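Undergrad: This is a predicted model, with the sequence first.
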Amino acid sequence: YQNGAVLLEPSDREVDLTSLEAEWDLGFATLTSSSSKTNHQGNSVSDNTGFYAQQNWFADLYYGTPRPLAKAERGYDNEAFVQELRLVSNETKNNIDWVLGAYYMDQDNIATQDSYMPGYQEWAGAAFAWWPTMGGFGMVYTDNDFHYVRNENFKDKALFGELTYHFSDDLQATLGLRHFKNDFVNDTELLLPIWPFLGAEPTFDTSESDTLFKVNMSYHFDKDTMVYGTVNEGYRRGGANAVPLTGSLAERPEWQQYSSDSVVNYEVGVKGYLAGGKHSYSLSAFRLDWDDPQLNTASYWGFFTVANGESAQTQGIELELQGYLSDSIHYVLGYANIDAKLTADFIVPTGVASESETRTQAFNGDKLPGSPDQTISLALDYTYELDNGMYWVTQVNGYYQSSSLNYLGESAALQADIDGFSLWNITSRLANEDWDITLYIKNIFNEDGVTGLIPEAYMGTDPDENFFGNSSKDYISLPRTVGVQVNYRF
């Protein structure tokens with residue numbers, strides 16, 4: 001597990017989670033209060049040299065510096081408080097079950113990045129006699145060439161309810177509604193500290209409200225077979241990108257903000273038992289119609305960004321089968337076939353110097369990235385009861401996914417085919433009433449399991465820029481891991 005980074009890339013993070021749940025039985029219904037507070041913060045260092053080299057920045061922007069080294073120090077601090085109240089009926093009256101609730105979230109996010117070119121100013125001052133005069137043109141003598149701080153606050157308030165009506169013991173229908181209102185405030189500081197007047201400080205706020213619905217019907221043909229149909233809506237809030245708006249790296253202001261997106265999900269399925277309950281199955285078909293989808297992309301100058309498309313669709317089938325092959329051998333088998341694609345051209349902003357303000361990055365019918373067509377999962381476990389009442393459970397499980405794409409649209413720098421892969425694990429657990437001990441091996445065959453990558457054409461070697469490292473990366477699954485876990489219950 002190596003890459004060609006020219007500096008160490010340490011990272012650390014700390015997560016604090018606090019939650020409190022309380023229930024009150026009111027007789028006719030149960031009131032549940034769920035409160036939680038989270039804090040997630042971390043820092044990292046990454047090698048951005050390959051990106052600078054591929055953009056020819058060392059030669060074009062930094063006067064041919066002979067030391068190609070770009071170091072990025074990133075940080076984040078996310079805090080959130082969430083409160084939910086739910087009132088759930090305790091019994092069916094007049095053929096009706098119901099749920100009522102309220103939800104509140106207050107979330108603060110801070111993201112920072114400072115990039116450095118160590119030794120740049122010292123070299124330039126020695127290399128160019130005219131370098132001291134640059135201060136008269138507004139240049140600041142610093143190795144810090146990129147500074148970014150983004151502060152966000154997001155508040156979400158919602159009221160929700162769900163009512164189920166039982167037409168008979170076999171037929172029921174559910175209607176759910178969720179009305180929400182959210183407020184999003186973004187305050188960003190983006191500077192190129194060497195030339196501070198080339199920065200930007202975009203600030204904006206948005207407020208949205210809507211009512212989402214869910215409709216479900218189910219019918220039991222008999223005690224072993226049930227069919228159902230569901231239509232429901234989903235919503236995801238918008239956000240902000242990090243791009244400069246002025247100077248030689250200026251991007252169009254349309255990149256600064258992306259809006260919310262939403263889906264309508266349609267699903268039909270059948271569930272049931274076979275062989276007198278020894279086996280169970282579920283088979284479903286679904287389709288998600290996606291409006292204003294938030295799609296990962298890159299700006300004209302190569303900054304990672306998110307932009308809204310017009311529409312997309314994901315549809316497919318899912319199957320799960322599980323049961324007992326004998327009294328001691330249990331299995332679970334899952335399969336999914338999914339088709340995820342654009343249903344309209346994906347239009348993004350162009351560079352500021354372009355005559356046209358937009359360009360087509362991807363086309364109607366193009367496959368969405370990171371979406372394998374086929375996935376299969378399998379688990380097989382064997383349980384053996386010892387004479388002393390202890391249990392010995394051994395399980396083998398595997399997962400397979402077919403090939404996928406790395407990026408949406410044709411891009412020599414970012415597009416790549418990602419091969420399919422399979423992962424296999426085994427666990428063996430010895431347990432009694434009070435304790436258990438488990439030996440496990442994850443990823444037995446040490447498969448890389450690539451799920452995404454940063455290609456060499458985006459962050460790789462460039463001899464013309466005097467950079468012989470390689471900052472490209474594969475994002476892989478957990479390597480083979482062997483361990484022991486002990487649990488004690490008291």
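TA: Great, that's in hand. Residues are numbered from 1 along each chain as shown.

Undergrad: The helix or strand containing residue 214 - which strands sit beside it in the sheet, and in what orientation?
TA: Element membership of residue 214, judged by DSSP states H and E, is strand 203-222. Applying DSSP bridges, strand 203-222 is found paired with strand 171-191 (antiparallel), strand 225-236 (antiparallel).

Undergrad: Pick the most deeply packed of those.
TA: Mean neighbour count, computed with mean count of other C-beta atoms under 10 Å, is highest for strand 171-191 among these, reaching a mean of 17. Where C-beta positions appear, they are placed from N, C-alpha and C, glycine not excepted.

Undergrad: pLDDT below threshold where in this structure?
TA: Low-confidence segments of the chain (pLDDT under 70): none present.

Undergrad: residue ranges for the strands of the stretch 201-350 of the chain, please.
TA: 203-222, 225-236, 239-240, 257-258, 261-274, 279-291, 294-298, 304-308, 311-324, 329-342, 346-349 (DSSP state E, counting those that start in this stretch).

Undergrad: From the chain's centroid, how far away is the last one?
TA: By that I understand strand 346-349. Per C-alpha atoms, centre = their mean, to the nearest Å, the displacement of strand 346-349 from the mean C-alpha position of its chain is 22 Å.

Undergrad: Mind giving me the packing neighbours of that strand?
TA: Applying 3 or more C-beta pairs under 8 Å, 6 or more residues apart in numbering; DSSP states H and E, one finds that strand 346-349 makes contact with strand 294-298, strand 304-308, strand 358-362.

Undergrad: what's in contact with the last one?
TA: Contacts made with strand 358-362 from outside it, assessed by C-beta atoms under 8 Å, 6 or more residues apart in numbering, are listed as 297, 342, 345-350, 408-410.

Undergrad: Redo the residues you listed as JSON lines? Include neighbour count.
TA: Shown next, in JSON lines, are the contacts of strand 358-362 (neighbours: other C-beta atoms under 10 Å):
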{"residue": "297", "neighbour count": "24"}
{"residue": "342", "neighbour count": "24"}
{"residue": "345", "neighbour count": "15"}
{"residue": "346", "neighbour count": "23"}
{"residue": "347", "neighbour count": "16"}
{"residue": "348", "neighbour count": "22"}
{"residue": "349", "neighbour count": "20"}
{"residue": "350", "neighbour count": "17"}
{"residue": "408", "neighbour count": "24"}
{"residue": "409", "neighbour count": "20"}
{"residue": "410", "neighbour count": "11"}
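
Undergrad: Contact partners for residue 348?
TA: 297, 307, 358-359, 361.

Undergrad: closest to residue 187 among those residues?
TA: Using C-beta to C-beta, residue 307 comes nearest to residue 187 of these, at 21.2 Å.

Undergrad: For the closest one, list the residues it contacts.
TA: Neighbouring residues of residue 307 by C-beta under 8 Å, 6+ apart: 255, 258, 294-295, 297, 346, 348-349.

Undergrad: quick one, helices of the protein?
TA: Per DSSP state H, the chain carries helices over the ranges 49-54, 57-60, 120-127, 456-459.
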